[in-house]
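Engineer: please find the sequence and the predicted model below.
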Amino acid sequence: MSSVIPDAIRAAIQRYFDGHATGSASVMQRAFHDRARLQFVQEGRYAEWSLDEYLAKLPGQPPDDEPHRTRRIVAVQATEDAATAEVELDYPRVRFVDYLTLLLVDGDWLIVNKAFKAFPKPQVSS
């Protein structure tokens, strides 16, 4: 695997990061295929959201703690028209590890699947 991430894949992941940073459903939607699914385990059971369900959870504005949030690409593997990416979203109260599947559809890299795990952080009382 090359350590160089293709610019078009990096741009697709950046659209995803921008969706989180802005809290905007319209920004986030540009990162995903309209039939994308999001999967996770909740209370030990499989759960999933459609893209519409996921977008409805966005607040429509940047989070108050946005200056304290970081996002990074951990790894990418790609072939001609399929890729996977591991990304980390590190927020003051939780760290997420996301595994994204991307496909090159009509000349544009889009997320078609997201599986993720949230790791809540212990909160220090002030």
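Structural biologist: Great, that's in hand.

Engineer: C-alpha from now on. contacts and neighbour counts both.
Structural biologist: Fine.

Engineer: what comes up buried for the helix or strand hosting H20?
Structural biologist: Assigning secondary structure by DSSP states H and E places H20 in helix 7-22. For helix 7-22, the neighbour count (16 or more other CA atoms under 10 Å) marks 9-22 as buried.

Engineer: what do you get for stretch 37-45?
Structural biologist: Going by neighbour count (16+ other CA under 10 Å), the buried part of stretch 37-45 is R37, L38, Q39, F40.

Engineer: for the first one, give me the pLDDT.
Structural biologist: Predicted confidence (pLDDT) at R37: the value is 97.

Engineer: please report phi then psi for it.
Structural biologist: Here is the backbone geometry of R37 (degrees, to the nearest 10): phi -120, psi 150.

Engineer: surely it and K114 touch.
Structural biologist: Yes - using CA atoms under 8 Å, R37 makes contact with K114 at a distance of 6.5 Å.

Engineer: tell me the confidence at the spatially most central residue of the chain?
Structural biologist: Residue closest to the mean C-alpha point of the chain, counted by CA atoms, centre = their mean, is Y16 at 5.4 Å. Looking at Y16, its pLDDT is 98.

Engineer: ditto for S125
Structural biologist: Looking at S125, its pLDDT reads 70.

Engineer: just how off-centre is the helix or strand harbouring H33 within its chain?
Structural biologist: Under the criterion of DSSP H and E, H33 resides in strand 32-42. Distance of strand 32-42 from its chain centroid, counting by CA atoms, centre = their mean, to the nearest Å, is 10 Å.
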